[in-house]
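>>> need coordinates for the following:
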Amino acid sequence: MNSRAIILFVLLTGILVAALVFDGVSHRRAANNGPTISQNAATTPSQPADASNVQADAQSSPQTEVQPADPADPNAQASDAGQDAPADDASQTQTDADAPAADAQPAPQPIVVPAGTALTIRVGEDLGSRISVAGQNFSATLDRDVVIDGQTVIAAGASVTGKVVSARPAGALAGEANLQLKLISVNVDNAKLHLATSTRSFGPKIKGKNKVGRFMKGLVKRASGDEREVLLAEQSAYTFTLQRRLEIQ
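Numbering: from 1, shown residues only. Now for the predicted structure:
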């Protein structure tokens, strides 16, 4: 072996030793770094980027989670029933307000006695051209039922009030004795109802073409003694006519 071969052998051996040493150091470093990385990965779990924000929000926000009520807890059931009661009551009140009252009855319609109806009465006192005074009231009773559509609306015997419109005794220069009457009210079921009837005139009429002619004929009758006072005896019956309709509630 010459010197060149020896030098080449030494160089190759050095290179081989250096490679072995370098490879051993590399494996030793990899073995040392592996457990550290694994331990760090195990001790530091990965968290989402917003984990800290979520925890901060959870701590700062009030707890609003509603715990389900325990079916076996009577207090919880009573609380739920108490909370639902106002809503149920309000709903029921609204329903009652919307629904028509079951016992509401329609307002009764008044009974109408039309104008032109005849009212026959019996006077309760004597009335006359000499004994009565204009403006005085007199009592009477209804002598016949007032019937409308087959129904008696004012029964016979009802109390009636009349009024003396005029009372002129015989002997006056204007002519014969005269008495004028009308009815002003009737009592129905303890209610006094206003009446508007025609005015009825009692007494003979002196016929003449004008006032002068009637006056002259009146003088002749007075001279002959044919003048008569008007007298309506108690319980005598007379008929009057309604001028305006009468409503009976």
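
>>> quick one: least confident helix or strand in this protein?
The helix or strand with the lowest mean pLDDT-type score in the chain, counting by mean pLDDT, DSSP states H and E, is helix 51-60 (a mean of 45).

>>> got any ranges where the chain has weak pLDDT?
The model of the chain has pLDDT under 70 over residues 1-2, 22-103, 172-175, 205-227.

>>> for the protein, what spans make up the strands?
If you assign secondary structure with DSSP state E, the strands in the chain sit at 111-113, 118-123, 127-128, 137-142, 146-148, 151-154, 159-168, 178-188, 191-194, 200-202, 231-232, 237-241, 246-248.

>>> report the angle between the fourth one and strand 159-168.
So the one you mean is strand 137-142. If you take axes from the mean of the first three to the mean of the last three CA atoms, to 10 degrees, strand 137-142 sits at 130 degrees to strand 159-168.

>>> same list, the strands of the chain, but as CSV with distance to Ile15 and mean neighbour count please.
In this view, the C-beta of every residue, glycine as well, is placed from N, C-alpha and C. As requested, these are exported to CSV (distance: least, CB to CB, whole Å; neighbours: other CB atoms under 10 Å):
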stretch, distance to Ile15, mean neighbour count
strand 111-113, 140, 17
strand 118-123, 155, 19
strand 127-128, 168, 21
strand 137-142, 155, 18
strand 146-148, 145, 17
strand 151-154, 143, 15
strand 159-168, 154, 19
strand 178-188, 146, 20
strand 191-194, 143, 12
strand 200-202, 163, 15
strand 231-232, 169, 18
strand 237-241, 156, 16
strand 246-248, 140, 17
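
>>> with distance to Leu12 added, can I get those strands in CSV?
As requested, the strands of the chain are exported to CSV (distance: least, CB to CB, whole Å):
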stretch, distance to Leu12
strand 111-113, 145
strand 118-123, 159
strand 127-128, 172
strand 137-142, 159
strand 146-148, 149
strand 151-154, 148
strand 159-168, 158
strand 178-188, 150
strand 191-194, 147
strand 200-202, 167
strand 231-232, 174
strand 237-241, 161
strand 246-248, 144
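
>>> Val165 contacts Leu181, correct?
Yes. Here Val165 lies in contact with Leu181, judged by CB atoms under 8 Å, at a distance of 6.4 Å.

>>> any common contacting residues for these two?
Common neighbours of Val165 and Leu181 are listed as Thr199 (criterion: CB atoms under 8 Å, 6 or more residues apart in numbering).

>>> ok, Leu246 touching Leu119?
No. Distance between Leu246 and Leu119: 9.3 Å, which falls outside the contact criterion (CB under 8 Å).

>>> shared neighbours of the two, anything?
Joint contacts of Leu246 and Leu119 (CB under 8 Å, 6+ apart) are Val186, Leu195.

>>> what segments of this protein are helices?
Counting by DSSP state H, the segments of the chain that form helices are 3-43, 51-60, 74-98, 211-224.

>>> which ones are touching the residue nearest to Ala233 when sequence neighbours are not counted?
Among residues not flanking Ala233 along the chain, Asp126 sits closest, at 6.0 Å (CB to CB, 6 or more residues apart in numbering). Contacts for Asp126 (CB under 8 Å, 6+ apart) come out as Leu231, Leu232, Ala233, Glu234.

>>> contacting residues around the second one?
Right, the one you point to is Leu232. With contacts taken as CB under 8 Å, 6+ apart, Leu232 has the following neighbours: Val123, Asp126, Leu127, Gly128, Leu179, Phe202, Tyr238.

>>> beta-bridge partners for the fifth one, please?
Beta bridges link Leu179 to Ala167, Phe202 when assigned by DSSP bridges.
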